[in-house]
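Novice: Got a sequence here, can you model it:
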Amino acid sequence: MNIRQKFITVLLLIGVVPMLVVSTASYLSISNSLRNKTVDQLNSTAIKQEQKINTFLQTRQEEVTKLANQYDLQVALLQYVATPDAAHKQTLDTILQNKKIEVPLMQSVFLTNLEGKVLASSSSVNSEVAKDIEGPKAGEETTVMVKNDPNDGFSKLYVTTLVSVNKQRTALLNVVFRTDELVAIVQDYTGLDETGETLVAADDNISLFPLRFNTEASLKTNISSLDLANMGNNTYKEALDYRGNTVLVVAHTIGLTDWKVATKIDKSEALAATITLRNGMIGFVIAVCIGIVVVALFLTRVFTRPIRELARVSESIGRGNFDVRAKLDRRDELGTLASSINGMGDNLSKMVGNIESQRMRLQVILDSTTETIFAIDEHANVILVNQAVKGLLQADPAALAGKNMRDLFAWQHGLQSFDVDYAADGVRTYSNLQYLDSTATRRYVKLIVARIQDKAAAGRAHAIVTIHDETSSHELENMKTDFVSMAAHELRTPLTAVRGYLEMVQYKQEHNDTQDVDTYVRQALKNVSDLGGLINNLLDVTRIERGTFMLTMEKVDIAASIARLVEDQRFAAEDKQLTLTRHGAERGCYVVGDPIALREVVNNLLSNAIKYTQPNGKVDISLAQKGESYSIEIKDTGIGIPAAGLKHLFTKFYRVHGGLDSGSTGTGLGLYIAKSIAERHQGSIKVVSEEGVGSTFTVTLPIYTEQRMADTRPNDETKEPTTVRRKRGWITKNITR
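Specialist: Sure thing, here's the model as predicted:
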């Protein structure tokens, strides 16, 4: 919750809570007062109607009791009981009829024995109705009940009293009265407003008289929901009436009967004034709340605007925008705080600038270092790595963050799995470790793990791992060892032959035998020439690396040169039972180049194709123009080159098919020299090969133009005489793959 919300909440609590307390207390007081007034009014009405009903019933009971005690009725009844004949019955009927005529309110008068059998009547009486009339209970003399008259269907008042003759319970006198006056009393709604109503019910909770809102309700409507039987006099309750409306009801017991008279009124009408008051109070409270909120918003806007401005500036500084400043021209505490935040921004800007400068310098140092450097946490997860890792893992340094060193490097030592302890204290060095990179190339490294002694927090560098890639030096050492062995072998072979031929010449001279001496001398010279070519190849490698390798550039017909080379090699192909074919023009394809150097490049590739192709195989050489260059393609069906050897094929001293142990000859310099010559001619040499299928070497050379020819002359004029190149010599067999 922000300051504005808190301020509004406090103002609402201060302004609204007391008002709510006072308003609620006033509302409850007024509501209770109005409720009590309504209850008093209901009680007053109920008491009045109770008295009227009691007076009415008492008058009717007195009339019935007076008739029951009438002398002639008792004498006639005694005679009838003694002699129940028609004459005595007629006497009783006459007495009852006279009484009915005497009292017009009596609609019917009849006598029944104690079992409900009609003995005499003023008019015909339904025997079933007579049986349903309940006599006075023990200790009572008279009962009153309301029943429907089966003759006309109207409700009638039945007053029954016990007739005793000579103190003996003899019969029941039943008098039926109209209920018009009772209905008028019940339906007197004076003081009950629009929803007030009087109900009269016996123990069965059935309304005895018509209701205000249901004039047909007499002896039909159940009002048990009001539960009048359990209500005491002068008490009230809220209940649902027969309409389902909530009402306030007051009940009183009518003393002469088991009837309950109740007065009720709808709660909504009785408390209408409180509802209006409540709605007015709610509206007033809402208006006050709105006013408080409006005032609070205005005040908080005034007070919190500078605070929000300071928060905005602080948040911007926290996000790294150190140039933002708080613009508050105040002389209070907020102005002091703004000045402090601005000062903090200045200091942070300088500090972060220094840190960033140091980080950049450190990053430059790390990226310029040839060794691969990892910063790892206590779990050996990578935090930082320099650019040199691309040479080790062929991966983007940013993609390595969070990865574990054990997942990146599967170390081996002596071809056995080796586990590096990255959590060890101090500085530990692991030499002669090996692993396979993403290209399945075995690499040789020296690993240095330096533990950072400070207790670093989680997520910071725990150790520095430095990896020295010794693969090149390892390979170079192996190449030097192989070269020494191969050079010794290659030099010894012609030297041994020269020595043998010279010894034979010496022997012949000592014995004055000149036969075959010339042949021995020529063979010795040939081996000396081969030996010189091998030495020249070694010197050429040195010149290439020093940049002193000389070429004599001129206009060369590469097509004619290829045609002559094919004819020169045809005998060698036939000796191996190979099919040698040539495709392309025989002449007229000109390039700028050294004719001897270009001839030897093609000758060496063609010789290798013949050398490494099995009998009955094929060697094909083709010349074609592709764009601004000529493409020379030499394709064979030989033993091919393994995929692992392709990337090293043009490296000096490298030989694909083993060394001396496999019987392979040559120093492994030929393809290195060939590539260097092609590149000196602004061309290229490439190879596509599959082991067991064959190889295809492709040499590309730019087409001759006067401009290219002119571009080569200034450089040639400042270099060695062409006689150096002519005396160099070339030995095909030294190009070995």
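Novice: After the longest helix along the chain, which helix or strand is next?
Specialist: Longest helix of the chain, by residue count under DSSP state H: helix 3-68. Downstream of helix 3-68, the next assigned helix or strand under DSSP states H and E is helix 71-82.
Novice: Now that following helix: buried residues?
Specialist: 73-74, 76-77, 79-80 (16 or more other Cβ atoms under 10 Å). C-beta here means a position set from N, CA and C on the backbone, and glycine is covered the same way.
Novice: Just the angle for it relative to helix 3-68, thanks.
Specialist: Computed by axes from the mean of the first three to the mean of the last three Cα atoms, to 10 degrees, the angle separating helix 71-82 from helix 3-68 equals 80 degrees.
Novice: would you put the C-alpha positions of helix 71-82 in PDB?
Specialist: Output in PDB follows, covering the C-alpha atoms of helix 71-82 (Å, rounded to 0.1, in the frame of the first residue of the first chain):
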ATOM      1  CA  TYR A  71     -87.300 -24.500  33.900                       C
ATOM      2  CA  ASP A  72     -89.700 -25.600  31.200                       C
ATOM      3  CA  LEU A  73     -86.800 -26.900  29.000                       C
ATOM      4  CA  GLN A  74     -85.400 -29.000  31.900                       C
ATOM      5  CA  VAL A  75     -88.900 -30.400  32.800                       C
ATOM      6  CA  ALA A  76     -89.600 -31.300  29.200                       C
ATOM      7  CA  LEU A  77     -86.100 -32.800  28.900                       C
ATOM      8  CA  LEU A  78     -86.600 -34.800  32.000                       C
ATOM      9  CA  GLN A  79     -90.000 -36.100  30.700                       C
ATOM     10  CA  TYR A  80     -88.500 -37.000  27.400                       C
ATOM     11  CA  VAL A  81     -85.600 -38.800  29.000                       C
ATOM     12  CA  ALA A  82     -88.100 -40.700  31.100                       C
END
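Novice: And the strands in the stretch 401-550 of the chain, which stretches?
Specialist: According to DSSP state E, counting those that start in this stretch, the stretch 401-550 of the chain carries its strands in the segments 412-413, 416-417, 427-436, 442-451, 463-469.
Novice: wait, which of those strands is closest to E63?
Specialist: strand 463-469 (121.5 Å; Cβ to Cβ).
Novice: For that closest one, which strands pair with it and how are they oriented?
Specialist: Here strand 463-469 is paired, per DSSP bridges, with strand 372-376 (antiparallel), strand 442-451 (antiparallel).
Novice: Off-centre distance for the longest helix of the chain?
Specialist: In this view, helix 3-68 has its centroid 60 Å away from the chain centroid, taken as Cα atoms, centre = their mean, to the nearest Å.
Novice: hang on, the earlier thing: just the strands paired with strand 463-469: most buried one?
Specialist: Compared across the strands paired with strand 463-469, strand 372-376 shows the largest average neighbour count, a mean of 21 (mean count of other Cβ atoms under 10 Å).
Novice: average pLDDT for it?
Specialist: Averaging pLDDT along strand 372-376 yields 88.
Novice: And for stretch 398-413?
Specialist: The model assigns stretch 398-413 a mean pLDDT of 88.
Novice: Please renumber the chain so that the first residue is 50 from this point on.
Specialist: Shifting the count to begin at 50 puts that one at stretch 447-462.
Novice: Any idea how far apart the tips of that stretch sit?
Specialist: Using Cα to Cα, to the nearest Å, the end-to-end distance of stretch 447-462 comes to 29 Å.
Novice: and that stretch, which residues are buried?
Specialist: For stretch 447-462, the neighbour count (16+ other Cβ under 10 Å) marks 449, 454, 457-458, 460 as buried.
Novice: Rebuild those residues as TSV, extending it with distance to Y207.
Specialist: Shown next, in TSV, are these (distance: Cβ to Cβ, whole Å):
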residue	distance to Y207
L449	109
M454	110
L457	111
F458	114
W460	117
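Novice: which of those lies closest to I390?
Specialist: If you rank the buried residues of stretch 447-462 by distance to I390 using Cβ to Cβ, L449 comes first, at 39.0 Å.
Novice: who touches the closest one in this structure?
Specialist: Contact analysis of L449 by Cβ atoms under 8 Å, 6 or more residues apart in numbering lists 431, 434, 438, 442, 457.
Novice: Please name the bridge partners of the first one.
Specialist: Right, the one you point to is V431. Here V431, judged by DSSP bridges, has bridge partners I425.
Novice: Could you find the closest non-adjacent residue to V570?
Specialist: Using Cβ to Cβ, 6 or more residues apart in numbering and skipping residues adjacent in sequence, the residue nearest V570 is V554, 6.3 Å away.
Novice: Just the pLDDT for the one you found.
Specialist: V554 carries a pLDDT value of 78.
Novice: Please apply the same query to the one 10 residues further on.
Specialist: Reading off the per-residue confidence, Q564 sits at a pLDDT of 76.
Novice: buried stuff in stretch 239-254?
Specialist: For stretch 239-254, the neighbour count (16+ other Cβ under 10 Å) marks 241, 244-251, 254 as buried.
Novice: ignore the last one, stretch 371-383
Specialist: Quick answer for stretch 371-383 (16+ other Cβ under 10 Å): 371, 373, 375, 377, 383.
Novice: So what does the first one have for phi and psi?
Specialist: Yep, that's F371 we're talking about. Per-residue torsions, F371: phi -80, psi 0 (degrees, to the nearest 10).
Novice: Kindly report the same for the fourth one.
Specialist: Dihedral angles phi and psi of L377 (degrees, to the nearest 10) take the values phi -120, psi 110.
Novice: Show me the shaky parts of the stretch 150-299 of the chain.
Specialist: Along the stretch 150-299 of the chain, the parts satisfying pLDDT under 70 run over 175-178, 266.
Novice: circling back to that earlier point, so how do I select the buried members of the contacts of L449 in ChimeraX?
Specialist: Buried residues within the contacts of L449, by 16+ other Cβ under 10 Å, are selected in ChimeraX with:
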select :431,434,438,442,457
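Novice: the bottom helix or strand of the protein by mean pLDDT?
Specialist: Here the helix or strand of the chain ranked lowest by mean pLDDT, DSSP states H and E is helix 771-775, holding a mean of 38.
Novice: in the stretch 400-549 of the chain, which spans are helices?
Specialist: Using DSSP state H, counting those that start in this stretch, the helices of the stretch 400-549 of the chain run over 438-442, 454-457, 520-559.
Novice: ah, wrong one, I meant the stretch 550-699 of the chain
Specialist: So, for the stretch 550-699 of the chain - with DSSP H, counting those that start in this stretch - the helices run 566-595, 607-624, 644-660, 692-695.
Novice: check contacts around G281.
Specialist: G281 sits in contact with A300, where contact means Cβ under 8 Å, 6+ apart.
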